[in-house]
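S.K.: turn this into a model:
(one chain, ligands or ions: 1)
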Amino acid sequence: MTESSFIHRFEPATIAGSPPLLLLHGTGGDENDLLGLGKMISPGSALLSPRGRVLEHGMPRFFRRLAEGVFDEADVRHRARELGDFVADARQRYGIAAPVAVGFSNGANIAAALLLLKPDVLSGAILLRAMVPLSDSPKADLAGKPVLLLSGQADPIVPASNSAHLAALLSQAGASVTRKVLPAGHQLSQADVTLARDWISNVAAEAV
Ligand code: MLT
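M.R.: Residues are numbered from 1 along each chain as shown. Coordinates of the predicted model:
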């Protein structure tokens, strides 16, 4: 497969050395959705933004679900591999380093699956309103990978216990996880933007 098999946007870096971002939208979004967020949290970064290839009543997603919060896990595995191949191809084509994923909702869930199934694809991840993507999580080696997990205290889709479990799974695999529960629901708040921006500038400073 080639990178052109995902509809996507790519914006090159404007500040050398800033970490490339892989932007992964939520259900019903597209490749344009998170470009503004990406620019806010890491001005100057290259932005790679694919559109999910699964359609649910016409709404793009990154994998199939059977009901809200109930995932088709065979499809999660298949789609995570497909997305990993896309990122590998796009890295060659655009000449970028392994990106930090910035995923919201369904995009955060596929980013979590990528971390667990294909740990080399991402250099880190910002997971906004993520859930555990696989009931039978593979034993990944995420040693030292930075992950920011931001959850909403009043999120009707993601119970606090579920995001806590995801944080534990990623930590057990060796990731360096920062988890915060915000006074928010499933939608993003200004606090998400501020925390993500501060976190990524620290990660970028440590990588130098
Ligand atoms: C999912 O299906 O990935 C989660 O339920 C989040 C959503 O897209 O609503």
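
S.K.: which residue ranges form the strands in this protein?
M.R.: Secondary structure of the chain, counting by DSSP state E: strands at 8-11, 21-24, 47-50, 54-56, 59-61, 65-67, 70-71, 100-104, 124-128, 146-152, 176-182.

S.K.: just name the most buried of these.
M.R.: Across the strands of the chain, averaging neighbours per residue (mean count of other Cβ atoms under 10 Å) puts strand 21-24 on top, at a mean of 30. Glycine gets a C-beta too; all of them are placed from N, C-alpha and C.

S.K.: so, in contact with the ligand or not, that one?
M.R.: No - against the ligand, strand 21-24 shows no contacts by Cβ under 6 Å from any ligand atom, the least distance being 10.5 Å.

S.K.: kindly report the same for stretch 163-173.
M.R.: No - on the criterion Cβ under 6 Å from any ligand atom, stretch 163-173 is out of touch with the ligand, staying 11.9 Å away.

S.K.: can you show me the helices along this structure?
M.R.: 35-41, 73-94, 106-117, 160-172, 190-207 (DSSP state H).

S.K.: which of the ones you listed sits most buried?
M.R.: Comparing the helices of the chain by mean count of other Cβ under 10 Å gives helix 106-117 as most buried, with a mean of 27.

S.K.: that one vs strand 146-152, what angle?
M.R.: 140 degrees (axes from the mean of the first three to the mean of the last three Cα atoms, to 10 degrees).

S.K.: the chain should start at 224 in everything you say after this.
M.R.: Got it, the first residue is 224 from now on, which makes the last one we talked about helix 329-340.

S.K.: and helix 329-340, what does it pack against?
M.R.: Counting contacts by 3 or more Cβ pairs under 8 Å, 6 or more residues apart in numbering; DSSP states H and E, helix 329-340 packs against strand 244-247, helix 296-317, strand 323-327, strand 347-351, helix 383-395.

S.K.: ok, back up a step: I'd like the helices of the chain as CSV, with mean pLDDT appended.
M.R.: Shown next, in CSV, are those (pLDDT from 0 to 100):
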stretch, mean pLDDT
helix 258-264, 98
helix 296-317, 97
helix 329-340, 98
helix 383-395, 97
helix 413-430, 93
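
S.K.: tell me the pLDDT at residue 226?
M.R.: pLDDT recorded at residue 226 is 45.

S.K.: one more: the one 5 residues further on?
M.R.: Model confidence at residue 231, given as pLDDT, is 98.

S.K.: for residue 419, see how far away it is.
M.R.: Between residue 231 and residue 419 the computed distance is 21 Å (Cβ to Cβ, to the nearest Å).

S.K.: can you check residue 256 too?
M.R.: 15 Å.

S.K.: quick check: residues of the chain near the ligand?
M.R.: Counting by Cβ under 6 Å from any ligand atom, the chain sits next to the ligand at 249-250, 288, 291-292, 328-329, 332, 380.

S.K.: ok, which pair from those is furthest apart?
M.R.: 249 and 292 (13.6 Å; Cβ to Cβ).

S.K.: on that earlier part again, out of the strands of the chain, flag the one nearest residue 389.
M.R.: strand 369-375 (6.6 Å).
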